[in-house]
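Asker: How does the following fold in three dimensions:
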Amino acid sequence: MIGFENARIEGLAVHMVGEDPLLAEHLASWDEQAVEERLKEFFFSSFNFEQRYVFVDDTDVNLNAVYSCACEIFIDPSSLLERSKDIARHLMDVFAKQGELYVAYFKGIEIDGDVTNGIGVFKSENKQVFLDVSSDAIRERNGISPKKMEKGCLMLDIGRKQPVQVFVIDSAKGEKAYWRNEFLHVEEMKDSYSDTNTVLETVRQYAKQDMSMPKTEKIDFLNQSIQYFENNESYDFESFVSEATDDPEVRTSFREYVKEKELGDRMTGQFGISQEAVNNVKKKMRSSIRLDSDIEIKISANAADVSDLIVQGYDERKQMRYYIIYYNNEK
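Answerer: The predicted structure follows:
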């Protein structure tokens, strides 16, 4: 568990980065405690603290630019301003999109019963329009929403063999995820959460891209995958594939998909199942069939044998498709 109730911002540098950069010469300041509380909300509210990352480098992690700067700040917090400039320059070497870069040093963060220090690196790129209203004038202004962070990184000094635990916010996916892949250069920590998340996200993406699989069979495959993870404490690839689908062709196709995506090392082993990861992925899974007649059929994630209960057909006279739904009683 991670808590920020007693966390304090000990220092904050704000730099303008991009094609027209302006690096700060002083740390930021504010007069009201309410401003700090709003900043903490801005910095912390968008993280998924179940998903942890580690810094990596092709040769030596100490050569990772953000990691090395963070370690120096942890050792000497007075170096925050200068090291934050190094972080800003590194970001602009990677990607020059205009925005504000915040580098903050925190004290009093609670993690797993201990109290530690943290460093946050955050970037805002998109402004929102809001109205500044007074009794004699209404003005349009541009600003950032304190409730939605676009890109962020929180590093915690846990003082163990791996000196920094990393949490990441990055709204971009795939090749566009420069923040995570090129700037931070981090990888998911291999634990039960990330392993569970990897398998279920792979299942979700497989079902999404297989256009030949009927929607009812896709929902069956997704539901049975979720049920496997909810009903077991540990994962085994072969037992999972056997329980997720009875269709030999889908089993073969899914194995080929795992091989094609080079996920064998993450998918074909064994690991303990994280129910937190199951719950998070479950929220993303679409278990409904939307029709162009403004009708939507919603299917519970607990439903089994969906392809037997919902059968698709074609009416030659009306020249339209239809679904037949079998049930015993209305609820």
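
Asker: what's across from the residue nearest to residue 3 when sequence neighbours are not counted in the sheet?
Answerer: Spatial nearest neighbour of residue 3, excluding adjacent residues (Cβ to Cβ, 6 or more residues apart in numbering): residue 110 at 3.8 Å. Placement of C-beta: from N, CA and C, glycine included. Beta-bridge partners of residue 110, counted by DSSP bridges, are residue 3, residue 115.

Asker: And residue 110, how close does it get to residue 17?
Answerer: Distance from residue 110 to residue 17, counting by Cβ to Cβ, to the nearest Å: 31 Å.

Asker: Between those two, point out the one with more neighbours.
Answerer: residue 17 (22 against 15; other Cβ atoms under 10 Å).

Asker: Which pLDDT value belongs to the more buried one?
Answerer: Looking at residue 17, its pLDDT stands at 94.

Asker: If the nearest residue to it once chain neighbours are set aside is in a bridge, with which residues?
Answerer: Of all residues not flanking residue 17 in the chain, residue 101 sits nearest, at 4.8 Å (Cβ to Cβ, 6+ apart). Counting by DSSP bridges, residue 101 is bridged to residue 15, residue 123.

Asker: circling back to that earlier point, next, find the distance separating the residue nearest to residue 3 from residue 312.
Answerer: Applying Cβ to Cβ, the value for residue 110 to residue 312 is 53 Å.

Asker: Ok, residue 323 next?
Answerer: Taking Cβ to Cβ, one finds residue 323 at 6 Å from residue 312.

Asker: what do you get for residue 290?
Answerer: Here the criterion is Cβ to Cβ. By it, residue 290 lies 14 Å from residue 312.

Asker: and residue 30, helix, strand or coil?
Answerer: The three-state assignment at residue 30 reads coil, by DSSP: H, G, I helix; E, B strand; the rest coil.

Asker: doesn't residue 37 make contact with it?
Answerer: No. Counting by Cβ atoms under 8 Å, residue 30 stays clear of residue 37, with 10.5 Å between them.
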